[in-house]
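Student: 3D model of this:
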Amino acid sequence: MAENNIEQARFNMVEQQIRPWEVLDQAVLNTLSTVPREAFVPDAYRSLAFADTEIPLGYGEQMMKPVIEGRLLQALAVKPTDKVLEICTGSGFITACLAELGSQVISVEIQAELAQQASARLEAQGISNAAVKTGDALATASAYGSFDAIAITGSLPQAEAADLLKTQLNIGGRMFVVIGEGAVMEARLITRTGENQWICEALFETELPPLTNTSATNTFQF
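Tutor: Okay, the predicted model is just below:
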């Protein structure tokens, strides 16, 4: 794809897909206009880099539709001083966007090959404030302290599955999570308002693949 065509496709993605889906935060729109999504798409799907569709990554993971990425970033309202945790790195694109918006990003990916690929893509883009870790997020996330924002890019079957992660939010911190199974899923924003207080806001209905090893009857781990 020629450079002019790439920039036009990126513009169309932001203006014709993302903005009409009520993503109006200018910092988010600027980020999605500047972080090169095409650099994070597997070669076999490069022609779909700006399409309104999920992109397979292997291991049951996928890049979210651009509209979902925009809503996630807008909901989290990441500030330049924020420390961010991402659960399920995938391609590394959301990692890059979070790094553009925030101060520091730690991203945890269970699939070693995907973690390596994402890390290489981030390095190729000169992104130095994001680190990709391979492992079980629940087993390792607590080692990194608390966070101002947490982005979970796979779905959880039940709200209770996020209980441990939400305790890692700083007061005032926000967590984006998709809850549900099958075609019945809801994106939610959980905000910590006190030591033992959180509020939950329903955002929109969507559908995401479940996090690895997660089911309604399994222990929450990925």
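Student: for residue 205, helix, strand, or coil?
Tutor: Assigned by DSSP: H, G, I helix; E, B strand; the rest coil, the conformation of residue 205 is strand.
Student: what's the spacing between it and residue 33?
Tutor: Using CB to CB, to the nearest Å, residue 205 is found at 27 Å from residue 33. For every residue, glycine as well, the C-beta is placed using N, CA and C.
Student: Next: residue 212.
Tutor: As judged by CB to CB, residue 212 and residue 33 stand 32 Å apart.
Student: on that earlier part again, which one's more surrounded, residue 205 and residue 33?
Tutor: residue 33 (15 against 12; other CB atoms under 10 Å).
Student: any idea how far residue 50 lies from residue 177?
Tutor: 26 Å.
Student: Which one of those two is surrounded by more residues?
Tutor: The neighbour comparison of residue 50 against residue 177 (other CB under 10 Å) goes to residue 177, with 26 against 22.
Student: my guess is residue 111 contacts residue 59, does it?
Tutor: Yes. The pair residue 111 / residue 59 is scored as a contact, 4.6 Å apart, by CB atoms under 8 Å.
Student: tell me, what's touching those two both at once?
Tutor: Residues touching both residue 111 and residue 59 (CB atoms under 8 Å, 6 or more residues apart in numbering) are residue 212.
Student: of those two, who's got more company?
Tutor: Legend: neighbour count by other CB under 10 Å for residue 111 and residue 59, higher for residue 111 (20 against 15).
Student: residues contacting the more buried one?
Tutor: Applying CB under 8 Å, 6+ apart, we find residue 111 in contact with 58-59, 61, 134, 212.
Student: what about 10 Å?
Tutor: Neighbour list for residue 111: 57-61, 88-90, 117-118, 134, 212, 222 [criterion: CB atoms under 10 Å, 6 or more residues apart in numbering].
Student: Please give the element, helix or strand, for residue 31.
Tutor: Using DSSP states H and E, residue 31 sits in helix 26-34.
Student: For that helix, give the mean pLDDT please.
Tutor: Confidence for helix 26-34, expressed as mean pLDDT, is 98.
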